[in-house]
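Enquirer: coords below, sequence missing:
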């Protein structure tokens, strides 16, 4: 009878969902979804929630893509990327940082997201401990957890300009050995940047303790008072993650790169062959063209700089003056605890009532994020002016 029952009533498999797939939501994308819903209903929403440039891909990139469509087969490429792009990225390190980075150490990836997946799989085993600072980019946490790695959070604050310290790394390592440390400079959501001495100290502590260092450098090129320094200036053993999404304004093209220690290249290549086969060929050809768009890209950056200056002046005037000046990227991470103890509710009401979309700090810090919101100033100057006016008016009505 048992066999007959099993045949007529097969087991319910609808609940077979992996535990590691149950990552936290990416709140910025959920805010975007709600903002899009309001816009579909006729609302005029001002978008400060998503970290992407408001400009299209540069003209030289678009032209390179058109030529590739007309002239190239656009089939699978080498898993590590087409050689002309890897060579052009190599030249970028020479031109920008004065470094000689062999194209053989460069892997083209499906955006920085693909780069992180390849890096984490290439150097860490299930259960390994990886340290990162909070607040930080939510996909770091979610990707590490989905891959079965243990995330070790290093709490930061204004006193350290939102940066982890060597002492924090050593303390975490002494408790239970770390396999890796992930740092970002300039950082998301704070926009703050590690100074050269601090970067050197972190390189030293990871090297001395045999901890793999991964450096997220996707906001390089977007700094306002001083250029960002690559960790490759101090070590060849780190993994560097970069992307064409931010400075190069190519988010939807999904193309980035890794600079790898020589001993990891073959490992990453094998993983890429199976996980991605290759990055879309047309995006790779477009990326080569993006390097010839300096004048256009610097003009975009000048808009961000103007937006930044406006926020630094205007936010204190409307009651949101508790933030650190942004060294780079295009974010302001603002303490709103004078107005609320629940930034998710604050952001939801701001969107519903004033039609301004911002990201609550819970996306970046699961413990203290309730006190903060992140504003992206990657849009137009007019958009930032209008948004600060709306926020100021809305806050005045909350009193």
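Expert: Looks like it arrived, so ask away. Note that the coordinates shown come from a computational prediction; the quantities given were computed from them, not determined experimentally. Numbering: from 1, shown residues only.
Enquirer: how about the strands in the stretch 251-399 of the chain?
Expert: Taking DSSP state E, counting those that start in this stretch, the strands of the stretch 251-399 of the chain run over residues 256-259, 331-335, 356-357, 359-360, 372-376.
Enquirer: Please identify the deepest-packed of the ones you listed.
Expert: strand 359-360 (a mean of 30; mean count of other CB atoms under 10 Å). Where you see a C-beta, it was placed from the backbone N, CA and C, and this is true even at glycine.
Enquirer: Would you format the strands of the stretch 251-399 of the chain as a markdown table with distance to residue 17 included?
Expert: Shown next, in a markdown table, are those (distance: least, CB to CB, whole Å):
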| stretch | distance to residue 17 |
| --- | --- |
| strand 256-259 | 29 |
| strand 331-335 | 33 |
| strand 356-357 | 30 |
| strand 359-360 | 26 |
| strand 372-376 | 30 |
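Enquirer: Of all those strands, which one comes closest to residue 56?
Expert: Of all the strands of the stretch 251-399 of the chain, strand 372-376 sits nearest to residue 56, with 16.9 Å by CB to CB.
Enquirer: quick revisit: mind checking which of the strands of the stretch 251-399 of the chain is nearest residue 52?
Expert: Smallest distance to residue 52 across these (CB to CB): 7.8 Å, for strand 372-376.
Enquirer: which SS state does residue 183 fall under?
Expert: Using DSSP: H, G, I helix; E, B strand; the rest coil, the structure places residue 183 in strand.
Enquirer: Just confirm it contacts residue 136, I think it does.
Expert: No. Using CB atoms under 8 Å, residue 183 makes no contact with residue 136, being 9.3 Å away.
Enquirer: show me what contacts the residue nearest to residue 82 when sequence neighbours are not counted?
Expert: Of all residues not flanking residue 82 in the chain, residue 284 sits nearest, at 5.1 Å (CB to CB, 6 or more residues apart in numbering). Contact analysis of residue 284 by CB atoms under 8 Å, 6 or more residues apart in numbering lists 77, 81, 82, 85, 108, 255.
Enquirer: quick one: which of the residues you listed is most hemmed in?
Expert: residue 255 (29 neighbours; other CB atoms under 10 Å).
Enquirer: Skipping its backbone neighbours, what lies nearest that one in space?
Expert: Closest to residue 255 by CB to CB, 6+ apart is residue 283, at 4.2 Å.
Enquirer: cool, and residue 240?
Expert: Spatial nearest neighbour of residue 240, chain neighbours left out: residue 259 (4.1 Å); criterion: CB to CB, 6+ apart.
Enquirer: Model confidence at the residue nearest to residue 372 when sequence neighbours are not counted, what's the number?
Expert: Spatial nearest neighbour of residue 372, excluding adjacent residues (CB to CB, 6+ apart): residue 361 at 3.1 Å. pLDDT, residue 361: 93.
Enquirer: Inside helices: which ones of the contacts of residue 284?
Expert: Within the contacts of residue 284, residues falling in helices by DSSP state H are residue 85.
Enquirer: returning to what we had before: any idea how far the residue nearest to residue 372 lies from residue 367?
Expert: Applying CB to CB, to the nearest Å, the value for residue 361 to residue 367 is 10 Å.
Enquirer: Show me the one of the strands of the stretch 251-399 of the chain that comes nearest residue 90.
Expert: Among these, the nearest to residue 90 by CB to CB is strand 256-259 (9.1 Å).
Enquirer: list the helices and strands that closest one packs on?
Expert: helix 83-97, strand 106-109, helix 111-123, strand 239-243 (3 or more CB pairs under 8 Å, 6 or more residues apart in numbering; DSSP states H and E).
Enquirer: repeat that with 10 Å
Expert: helix 83-97, strand 106-109, helix 111-123, strand 239-243, helix 265-275, helix 281-290 (3 or more CB pairs under 10 Å, 6 or more residues apart in numbering; DSSP states H and E).
Enquirer: okay, the ones you listed in a markdown table with distance to residue 61 next?
Expert: Formatted as a markdown table, the helices and strands packed on strand 256-259 follow (distance: least, CB to CB, whole Å):
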| stretch | distance to residue 61 |
| --- | --- |
| helix 83-97 | 12 |
| strand 106-109 | 15 |
| helix 111-123 | 15 |
| strand 239-243 | 14 |
| helix 265-275 | 23 |
| helix 281-290 | 4 |
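Enquirer: who's in contact with residue 185?
Expert: 163, 192-195, 198-199, 202, 215-217, 219-220, 223, 228-231, 327-329 (CB atoms under 10 Å, 6 or more residues apart in numbering).
Enquirer: what about residue 367, neighbour count?
Expert: Applying other CB under 10 Å, we find 11 residues neighbouring residue 367.
Enquirer: what does residue 263 give?
Expert: A count of nearby residues for residue 263, using other CB under 10 Å, gives 8.
Enquirer: and if you look at residue 60?
Expert: Neighbours of residue 60 (other CB under 10 Å): 19.
Enquirer: any idea which element it lies in?
Expert: Residue 60 is part of helix 59-71 when elements are defined by DSSP states H and E.
Enquirer: again, but for residue 132
Expert: strand 129-134.
Enquirer: what angle separates the helix or strand that comes right after that strand from helix 111-123?
Expert: In the C-terminal direction, the helix or strand that comes right after strand 129-134 (DSSP H and E) is helix 138-146. Interaxial angle of helix 138-146 relative to helix 111-123 (axes from the mean of the first three to the mean of the last three CA atoms, to 10 degrees): 30 degrees.
Enquirer: who does helix 138-146 touch, helix- and strand-wise?
Expert: Under the contact rule (3+ CB pairs under 10 Å, 6+ apart), helix 138-146 is packed against helix 27-40, helix 111-123, strand 129-134, strand 150-155, strand 180-184.
Enquirer: and with 7 Å instead?
Expert: In terms of contacts (3 or more CB pairs under 7 Å, 6 or more residues apart in numbering; DSSP states H and E), helix 138-146 is packed against helix 111-123, strand 150-155.
Enquirer: So which of the ones you listed is nearest residue 267?
Expert: Smallest distance to residue 267 across the helices and strands packed on helix 138-146 (CB to CB): 4.8 Å, for helix 111-123.
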